[in-house]
Each structure stands twice: as C-alpha cells, then as structure tokens.
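build the 3D model from these lines:
(2 chains, ligands or ions: 1)
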Amino acid sequence: MAKNASVDFADMQGLLRFGYAKLTEASFLLLRIRDAAAARAWLAAAPVSTAEYQSPPPAAALQIAFTSEGLRVLGLAGDVLAGFSAEFLAGMSSDRSRSRRLGDTGNNAPQYWQWGGAARVPHVAAMLYAREGGLGAWTQTVKGVGWDAAFEVMDCLPTSNLYGVEPFGFTDGVSQPTIDWEQQHMMRDPNEPVLDYSNLVAPGEFLLGYPNEYYRYTDRPLLSDESEGASILPGAEDRTGMRDLGRNGSYLVMRQLAQDVRGFWKFANGQANGDADERRQLAQAMVGRTLKGDPLAQAAERPITGVDAEDAAQNGFTFDADANGTRCPFGAHIRRANPRTNDLPGAENHLISKLVHTLGFEDGSFRDDVISPTRFHRLLRRGREYGPGLTQQEALEPAPSDDPERGIHFISLGANISRQFEFVQSAWLMSSKFGGMTGESDPLLGNREPISGCPVTSGFSLPREGSAPRRLEGLPQFIAVRGGAYFFLPGIRALRYLARER
Amino acid sequence: MTPQANLTVFAPVTAGREDALRSLLESMNTQPGAANALNGLIPFGALGELHFARLVILDDPTLGDCALYHLPRPNYPVYLALLCDFDGSFDAFVKKLVQVAAEGLRRIFTHCTDFDPALDLERWLKTHHVRPATCYVNWVGRTMLEVREESALTDALRAFMSANPAVANLEPRQLHQSLRNFAAAEQKAGRLTLTAEKATPLGWVIGNFLHLIGVPLALLALAPFLLLYAPIYVLLLRSKERSDPEFAPRPDAEHAARLSALEDYDVTNQFSAFGSIKPGLFRRWTLIFLLWVIDYTARHIYRHGRLARVNTIHFARWVFIDNKNRLFFASNYDGSLDSYMDDFINKVAFGLNVVFSNGIGYPTTNWLALDGAKDEQKFKYYIRRHELPTEVWYNAHPGLTALDLARNRLIRQGLENAAISEMELQQWIQIL
Ligand code: HEM
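Residues are numbered from 1 along each chain as shown, chains lettered A, B, ... in the order given. Down below sits the predicted model:
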C-alpha cells in the first residue's frame, strides 16, 4: 500500500471538517438540472468552501452535493457512475426493502414524502450558510448569472437557529467522532481487536480515497490516467495508474424529520402525572443526556482517545459501567446511536483473555457482547433545525390551528452509507430487538409500526436498581419522515472534473 | 431433553422444469419468500415440532468461476433442496411430514429427475437426505413446545405487571413470589402451560457421548500423522494462499435486488449460499477436516446460545454435494444481512475464513484464519454473490430472536426456582 499522503484540506468541502456553527443562517436548495451544460458552467464557477482554515473565518459558505441521478443528468459516464456504492446508486427511497430496513413504512413511506420520493428526487443540493442576516445576500451572490438556465429549484429547505438546541429542547451536536487527520492509528493490524472504545476514527470512514477502520479503501469510481479529463483528479492511493473521483469526497445522507414537540412533552408530562422534574427526567432518559447535554452514564475511569480534555465532561464515558442500564437505559437514543462498544467487550489485554473472549467462552449475562463494535458505525452529523422553537411550557399548551412544522434536517457524512447510516438507522435505532430488548425501538425516532410476530414496538424500558424495569407503553410517534436522499459530496477537484466543459 | 434433528433433501431438477417448479413454490408464499404456514402443498404449521423449513432451487450462477483455474464450466444439475429443523427423531418427523403433506410433496418432487409418484415417498425422502458436514443448533434441546410456552409465559408476566404497576414495583423477593402465584393460577386456569422437560432418549445420550470422546480419540490417533505432515501442509497452504485467485466482484444489481426483496419482513432472515470448492485434494481435505472439527464444537461446546461470539444464529448447516466438489451453506439468523455479515467479519472472521477460503474466489487469507473476511467489502460482495434466493422459507416463531428465546428461558427458569439466590434474583428481575 502506498504511503499515506497527508490529508488535503484544500481539496475537500468544508462540511467534512466544520459544522459552520458560527454561520447561524442556512438553507438547503434542492435542485433539478434544467440544462446540463449550463449546470456544469455554473458549477465550474461556484464559490464552494474548502476545509482549509481561514483567517478571519468566512462570513458565508457554500457546499454542493449530487444524487446519483444528478450525476447522470450532469453527464457523468455510466461506467464511471457504476463505481459508486450500490446504495448511493439506488437512492434512499427507490426500493421497498431498503424502506423496510430504514423504518420508512406506514405514514413514513416515501410515497408520502414532500421530497425525495419516486418522482421528486433532487439532482443537486446546494447548501448555503451565512452569518446572521447575511443569507439573502449570499444566496444572490451564489446564484450569480446562469443559475436560472442551469437549475429549477425543486425545494428550498429553510433552517432556523435554535441556539444549539434541537426542537425537543436538548443540546445538539454534543458527540462527534474525531477524525484521525494525521492517520496516527492507521498502521495497526486489522486482525488485532481494538480493546478500548476510541473516538478517534480513520479518515477513510468519512472520506473516500483513504484507508478505513478495516485498513482498506472503500469502493469508489476510479478512472484510468488516460481517460478524458481525468488528469485534474488526484491519483488513487491504492491503485497506480488510476485517478480517484472519490478522493476527498464523502456521501451525504439527508433526511427531513418533522418533530412532534408538543406530542413529546405531553406524553412525558402524562407519564409524570404533571410533575415537572419527573417529566424532564423521563425525557432525558429517552435521550440519554440531560437537556444541557451531560451524559447520564458515568464518566470513564481512563481518558478516551479522541476525546480532548475540554470535551471529557460530556463525552468521556462509555456504557461499560452501566451494564444493567440503570443510569442510562439501553434504549436511550444515544445508547442506541453510539453504544460505545469496543471490538471484544470484556476482554483484557493479554492473550488468554482475548482468546477466551474471541471463542465466546466467557460467562456472563445473556446480554453481553450482543452489540457490534461501534468504530465501524460512526456518523459525522451536520444537521440543522427548522421551524420555530417551543419551550416546554409552550409545548404543553394546546396547539394553535396553524401550528408550523418543526424538526431537523438530519445530515450525516460517511464513506459507506450501508455500514454507517443504514446500519445505525436499522440495526440500532429502528430495531425492536436492539441489545437483547424486545417490543421497543428508538424512543425518539421509532415509527411504532408492528412487524411480523411483534405487534408492539412502542414500549420503552427504564431499568431500575433493585426492582424490575419500569416499562412505558404506547409511545406515540414523535418523528415523521418528510423527505430524504443520498448525495455524493465531491472533493474540489472531483467537482471540477464533473463540471468540466465537454 | 428432546434434541433437534434435521432433514436435508437434495434432488436434481428435471431440465426445463425449473420455471414450473419456481412458480409452484411461489404459490406456497404469502409474501415474497415467506411461506404461508398452512399452504396447500406443505402445511408447515401443522408440524408442531418444526422450527424452520425452506425450499431452495440450487442454481449456482457462479459455476463459471472455475475458469479462474482454467477449468471448463462443469455440468452439474440444478438441485431442489428441502431443509427442515425439528425436535425429536428423524424417522418420526419424516413419517409425520409424509402424513400431512404427501400430495404436496409429490407435486413438488415430480419436478425432479429421479422421482416417481408411485414410489414410497418416505423411503424416497430418506434416500435423498444428505447428512450435513456441520450442523449448528442455537440451543440443543430447546423444543418448539418450550419456545411457545416460554414466550407465552413472558408475555403473560409482562401483561400482568403492566396491568398491576404496584406488583412491578415490589421488592424482588415479593415480586418473585407474586409472579409465581400468578403463573400458578394461570396454569390452573389452563391459560398457561409449562410442560416439564422429557427424558433424553438413551440412544442419543450414548451416541453423543461416543462422539464426544470418539473425535478427540481419533484426533489423538491421527496426531502423529498430522504432526508429521504439518510442515508440508503449511508450505502447501502458504503457496496456495499466494497463488489462489481472488474473485469477488460486486454482485449485479438485479441479483442483489432479488435477494433483498426476500429480506427483513421478520426480525429473523434466511440465508442460503452455494459455491464450488477450489480444485484439488488439498482444499477438499482441509475442508472435510475443518467442518468435522466445527461440527464437533457445535455439538459439544457451542450448545447454548452462541457460536463463538455470535448469538444471532438459530440453525445453520454446511452440506457437501456433487462428490464434495461443491458446498452449500444455509442459516437462519436475526437482523439484516448487513449486520449478519458485520458479525461474520468482526466476531468470527477466523471461523469463516478457515471454511470459505477453500471456496473458489474467496478473498485471500493468511495462515488460513487471518485476513480474508477482514477485507470487508470484497467479503460482502463474495457472500452476496454466492447467495441464492430462498424460494420458500418458514419460521415457526416469527418475531422472536435467538436472544428473545434465551431470555424467555431464563425468565422461566428463574420463576420455577423457588430457592432462587439473592444474586440470581437481582439478575432475574432485570430481564423481566
Ligand atoms: C429528529 C430526530 C432526532 C433528534 C431529535 C435527535 C436528537 C439527538 C440528541 C439530543 C442527541 C444528543 C446530543 C448529541 O450528541 O448531539 C443525539 C445524538 C446522536 N444522534 Fe440523534 N436525533 C435525531 C435523529 C437521529 C438520526 C436519524 C440518527 C442516525 C441515523 C441520529 C444519530 C445520532 C448519533 C450518532 C448521536 C451521537 C451519539 C453519541 O455519539 O453519543 N440521530 N441525537
């Protein structure tokens, strides 16, 4: 394998490195291409923001991503397009089996989506970010000339600034994987289990063209050096004589999730018989963090790689010390979304212990070692809220007849949609069998639809010290899927390649 | 204890009748790939001892991979496989199967070359049974009756606690007593049954014991020979590992879509895969030996809930066919195929490597057990490409994972244990 070249921030879109938290205004334009040549010309000149540090920090940013249909319409050759992953090519909503796995059934089925369903798959997402008050002007600047000839705006997804809180009222964006930009951890033997949960993740988990946690390169389109226009693309690290269309790019998953904030707090209030403290505690148990973002699980004894001192209070923990889920329920959103498991739970760092655990000879509870190692299933989250905020008090009041929709434009980045987003969504969040439980899916996200042999999936268990778990029943659906698509977020040179004149 | 057994019938399909057979099999389903429990051909639901069953047409689209070894495409027949996993003896099951489904079985197997409706069906099935090289049973001796009773018990206890929150809040000892009283009353009223375990058949006990000591003795006897041969074996292995071609292209989209259309209706899924073994005696003997060892571990070591670290497989088997030139693998597992493959890669790569690396095109291994499946993407392509659509699949306990079954059993055991210790009690209340 070629020596890993250092990561090239100038060739990468900024979203991979920054959340643009200071750019509090944002809107996502979902576009259909009117005219491929005009679209290419516009893209060639688009002021796309890179992942380099800028000083002073930028006042606005633009990111561009494409669905597979978008790339096809733009004129990418079929054999090159075929090098992208099968999930990306098929799209989020194309196939009933995928919808079943993602929980997009019942009233969440793509046929009811506002966008992203069969006839309404966007080609391009133009994501605009600006400082407070600057979005209007930035949008005009970005559009520039040629916009109208190039695109038809299918949808404009506005966002709102809820000051770091998602619509239910919880601090958002607390836990993120730390990307191992220096690739310090890369030289390990893939046959050796990693015994500690680490938050430092190989760049290849998020960027195409770099080694991933298996120390392998994820499939992506490679072109021969000679193919037309390919000379502007970076070389493929793992294949000499090939150019890498994926390098410094990523897949971007977008889902519009409407949140029934009133339903959420009313349910919690009902269960708590109107007691404000208990209501809050219950809501926090569903999330696994306090409203302010502190974990319910207790801090780890040793520091966690990839969690710096500043972040330790909020992310220096695993669930190892909470084997019964009495501090943080097994079913809590963050315990499902990132169970913080290592490769060989319970094993110590010597040969005998590793062997015993590898062969499954340790004795313990039937729940031990039932969850996959998390390092293969991490998401870099870049979502934004939309709709007006509501306080808990307001949420408990009756809804006005014209109550506006609110929720999250969920966005995640990753190099492998099926192993990351789809796995987390289906095996961990929507699964009614996660971690040896039954009859419950994610308390926030569950669609509460029955599945074959399990008429009930709407429970939520709260394990308690010294008595049987408290089991809540009949959780209503708090989240409705309104749209979604899989995008490719190209590197800068890849974008130039896609936009080149022909 | 009543141990499980299996029926594994292979019969070559008459050329040109495959399509007719396929549509006949489809008529047994309520939704893609999932059998109607009371379908008119084989009413699986009428067989109370049956855990899982499937019918698969084994038409291997990867046969041409022999070209990697410059061999012509072999001319194997397309097979129809009928697989059943059940409680009790083989003979008793086959007899009962023929009783409830003679007509349907005849209609199905008339599509096979050596079937004659005039034949004795029971005998015919038995002569077409191929003994799997390796069988895995998640929980040896857990019968369908227990599965049903224990699941009903868990549901009843939970419903009782949910209707009586005061009970759920009791301290552990009182809760235990209260649930015992409740269960006893339910049993008396005939709403719950908890049948006591039957005595283990003596023949099985003896056979199992002989196997338990026989295999190590055989290994011991073979040891001098194995040791002598080991260096040569290693040299051969390493040279083959360096030269064996990998062939794991992405499965074509149509094949993948056909497979995924059959998945994820239930929390449990089926998996059927087929492939050719690398040419030569070296790989064949390696495989025979390793499957024999794995079969031993499944029979005597991994008997209760996990196969090494994997706790999502209900039943699995490896079967040699066509003079041990080809290997068929079938399993019933919980979760989606992707999570199943992730378990393979992250938990038991060594186990899969030692077996599947003897198959043509498998991602390159080192020392038989290393790497291979750790090439995640190639491995997943390889698996998917060798997978075959399972035409008909029956699961007697939809909605229940292997972990559910394990938990339900623990709940019952704890309930029935009047003298449960304080520590056991603390663990027991947590799984209620
Ligand atoms: C409207 C829907 C959702 C809401 C309200 C929500 C809310 C939250 C909250 C409050 C947190 C804790 C704070 C933080 O770490 O940022 C969190 C964490 C997280 N969520 Fe969600 N979420 C939603 C949808 C999703 C979806 C669809 C996924 C993935 C498919 C997801 C994956 C995650 C992950 C991976 C974490 C971090 C867990 C950790 O590393 O500790 N969330 N979410």
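
show me which residues of the stretch 251-400 of chain B are close to chain A?
B:253, B:256-257, B:260-261, B:263-267, B:302, B:305-311, B:334-336, B:338-339, B:342-343, B:345-346, B:349-350, B:370-371, B:374-377, B:397-400 (C-beta under 8 Å from any C-beta of the partner chain). Yep, even glycine has a C-beta here, placed from its N, CA and C like the rest.

let's see 7 Å
By the rule C-beta under 7 Å from any C-beta of the partner chain, the part of the stretch 251-400 of chain B lying against chain A is B:253, B:256-257, B:260-261, B:263-267, B:305-306, B:308-309, B:311, B:334-336, B:338-339, B:342-343, B:346, B:370-371, B:374-377, B:398-400.

next step: those restricted to strands.
Per DSSP state E, strands hold the following members of those: B:Asp334, B:Leu370, B:Asp371.

so B:Leu287, which state does it fall into?
With DSSP: H, G, I helix; E, B strand; the rest coil as the basis, B:Leu287 sits in helix.

list the contacts for it?
Residues near B:Leu287 by C-beta atoms under 7 Å, 6 or more residues apart in numbering or on different chains: B:Ile277, B:Val355, B:Asn358.

so how far is B:Tyr69 from the second one?
Read it as B:Val355. According to C-beta to C-beta, to the nearest Å, B:Val355 stands 19 Å off from B:Tyr69.

these two: which is more packed in?
With neighbours defined as other C-beta atoms under 10 Å in any protein chain shown, B:Val355 and B:Tyr69 compare such that B:Val355 has more, 20 against 13.

who's in contact with that one?
Applying C-beta under 7 Å, 6+ apart, the residues near B:Val355 are B:Leu287, B:Leu290, B:Leu291.

now distance to A:Ala297 too, for the residues you listed, in CSV please.
Shown next, in CSV, are the contacts of B:Val355 (distance: C-beta to C-beta, whole Å):
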residue, distance to A:Ala297
B:Leu287, 46
B:Leu290, 42
B:Leu291, 43
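
what is the nearest of those residues to chain A?
B:Leu290 (15.3 Å; C-beta to the nearest C-beta).

report how many residues lie close to A:Val73.
Neighbours of A:Val73 under the rule other C-beta under 10 Å: 18.

ok, it touching A:Pro122?
No - taking contacts as C-beta atoms under 7 Å, A:Val73 lies outside contact range of A:Pro122: 10.8 Å.

which residue ranges form the helices in the stretch 201-350 of chain A?
Remark: helices assigned in the stretch 201-350 of chain A by DSSP state H, counting those that start in this stretch are A:261-271, A:276-287, A:312-315, A:333-337.

quick one: mean pLDDT for the shortest one?
Within the predicted structure, the mean pLDDT of helix A:312-315 is 95.

buried residues, it. List them.
Within helix A:312-315, the residues that qualify as buried are A:Gln314, A:Asn315, counting by 16 or more other C-beta atoms under 10 Å in any protein chain shown.

the closest residue to B:Phe247 other than its chain neighbours pairs with what?
Of all residues not flanking B:Phe247 in the chain, B:Gly361 sits nearest, at 3.2 Å (C-beta to C-beta, 6 or more residues apart in numbering or on different chains). Per DSSP bridges, residues listed as beta-bridge partners of B:Gly361: B:Glu246.

now the strands: where do they sit in the stretch 351-500 of chain A?
A:380-381, A:384-386, A:407-414, A:460-464, A:467-472, A:479-489 (DSSP state E, counting those that start in this stretch).

out of those, nearest to A:Met430?
A:Met430 lies closest, by C-beta to C-beta, to one member of those: strand A:479-489, at 11.0 Å.

ok, that closest one near the ligand or not?
Yes - on the criterion C-beta under 6 Å from any ligand atom, strand A:479-489 is in touch with the ligand at A:Ile479.

one more: stretch A:249-268?
Yes - for stretch A:249-268, a contact with the ligand is found by C-beta under 6 Å from any ligand atom, at A:Leu257, A:Gln259.

what distance separates the start and the end of that stretch?
Here the two ends of stretch A:249-268 are set 41 Å apart, with distance taken as C-alpha to C-alpha, to the nearest Å.

ok, back up a step: from the ones in strands among the residues of the stretch 251-400 of chain B next to chain A, pick the one nearest B:Val319.
Using C-beta to C-beta, B:Asp334 comes nearest to B:Val319 of those, at 22.2 Å.

for chain A, which residues are neighbours of the ligand?
So chain A meets the ligand at A:166, A:168, A:170, A:172-175, A:257, A:259, A:287, A:289, A:293, A:333-334, A:337-338, A:379, A:381, A:407-408, A:410, A:421, A:424-425, A:429, A:444-445, A:479 (C-beta under 6 Å from any ligand atom).
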